[in-house]
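Engineer: Show me the folded form of this:
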Amino acid sequence: MEFTEVDNIMVSGLNTSIGSYIGSLARRSLTHDRQSYYFKACGMSGILDMSDKSAGSQIHGIQDHVQEIRQALHTYDIKLSEYPELTKYDEITKAQTIRKQVKYFKKCLSKIQNLKTKDKPIIIEDSYEHVLKVHLFHSYLFNTQKANTISEQDYVIKIWSPLIEIMFRSLNEFPPIICHWGDTSSEVVKEDGKIIHMDLRLIACEADEETDAAVVEFAPMVYKSKHYKDKLRTVLASKVQLNELLKNYAGLDEDKAKIIAIPFMLIVGLVCDIYTIILVASGLYIVDVAYSMTFPCLAQEIKDDGLTYLVNGLKLLKNLCLKIIKFKTV
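Structural biologist: Sure, this is the predicted structure:
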């Protein structure tokens, strides 16, 4: 008997609802590697991954209908907001000429350290300083010939963890969001019967309760097998957290459910993708990419807004986490 779902979201080109389509596809598919296992597990869990159009993906065979699907789902609206002070830092990186990489980094660093702004948590200044200092003191991290010798922890400790810790500083926000590093799992995920340990959990700490606002997995290089393994772990853990949030929301309907998105990040070397998962209909969840960014590798990339784009991406992640806290207090 053909599998049917109750989402009732129909698009042309499919003879059934989107939920029924991905569920039937999953039940018919065979697994032979991490990628096929990922898409089968997503389909069996009522999850449609809109971010992946590769061969073997859920939407590979219906790519002509992707835009129609997005319109039918009315997916989460991602709003990007910049720090007002960012323009001043951007002006400095653009104003310096690039004759030698090292001299460019030193000039930018010196001028940024002398800049006066209203950035009380010093988030932008320290983010810019960190990136410039990595280039000055750890330039080997950007040597493509040495890529095989750089470990996951090299990227975590020397590049990403300082940036993430800087972004999630808190002066007046309550509850604060703390960065909890090192293969841990939330109690909510454990109670759901899943053993999923995350490299990083961004936790909203309230007086008597902790909520995972986002999870992050790291990898040193692009390995297809590890990518789909990490993505499945983050997707499933995020779905559990989303269900827990929605379960405790009074008067919830499908329209209200769409106002909340659980973010998660996959970081591979110098590349970072921010994803979200939302509930769009009964039993149907959507995973999509919200923002992609790369740690700038060259002076020209910094001059061409690469650093600004990086800070904006991490601010977007923080805003998504803060929205989860606000959602809980409604």
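Engineer: Low-confidence ranges, the stretch 51-200 of the chain, go.
Structural biologist: 74-77, 172-175 (pLDDT under 70).
Engineer: so what's the residue sitting nearest the centre point of the chain up against?
Structural biologist: Among the residues of the chain, the one closest to the centroid is residue 274, at 2.1 Å (CA atoms, centre = their mean). With contact set as CB atoms under 8 Å, 6 or more residues apart in numbering, residue 274 has these partners: 263, 264, 265, 289, 290, 291, 292, 293, 313, 316, 317, 320. Backbone N, C-alpha and C define where each C-beta goes, glycine included.
Engineer: For PyMOL, what selects the buried ones among these?
Structural biologist: Typed into PyMOL, the line below selects the buried ones among those, using 16 or more other CB atoms under 10 Å:
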select buried, resi 263+264+265+290+291+293+313+316+317+320
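Engineer: now the contacts of residue 274 in a markdown table, with secondary structure, pLDDT and distance to residue 64?
Structural biologist: What follows is the contacts of residue 274, written out as a markdown table (DSSP: H, G, I helix; E, B strand; the rest coil; pLDDT from 0 to 100; distance: CB to CB, whole Å):
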| residue | secondary structure | pLDDT | distance to residue 64 |
| --- | --- | --- | --- |
| 263 | strand | 96 | 29 |
| 264 | strand | 98 | 28 |
| 265 | strand | 98 | 30 |
| 289 | strand | 94 | 20 |
| 290 | strand | 94 | 24 |
| 291 | strand | 96 | 26 |
| 292 | strand | 96 | 24 |
| 293 | strand | 96 | 29 |
| 313 | helix | 96 | 30 |
| 316 | helix | 95 | 30 |
| 317 | helix | 96 | 32 |
| 320 | helix | 93 | 30 |
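Engineer: Distance-wise, check residue 65 relative to residue 71.
Structural biologist: 10 Å (CB to CB, to the nearest Å).
Engineer: Then residue 287?
Structural biologist: Distance from residue 287 to residue 71, by CB to CB: 18 Å.
Engineer: next one: residue 267
Structural biologist: Distance from residue 267 to residue 71, counting by CB to CB: 31 Å.
Engineer: Look at the two and report which has more neighbours.
Structural biologist: Per other CB atoms under 10 Å, whichever of residue 267 and residue 71 has more neighbours is residue 267, with 25 against 10.
Engineer: Mind listing the strands the helix or strand that the more buried one is a member of pairs with, and their directions?
Structural biologist: Using DSSP states H and E, the element containing residue 267 is strand 262-268. Using DSSP bridges, strand 262-268 pairs in its sheet with strand 210-219 (parallel), strand 271-281 (antiparallel).
Engineer: quick one: buried residues of the helix or strand following the shortest one?
Structural biologist: Moving toward the C-terminus from strand 210-219, the first helix or strand encountered (DSSP H and E) is helix 224-247. Of the residues in helix 224-247, those buried by neighbour count under the rule 16+ other CB under 10 Å are 226-242, 244-245.
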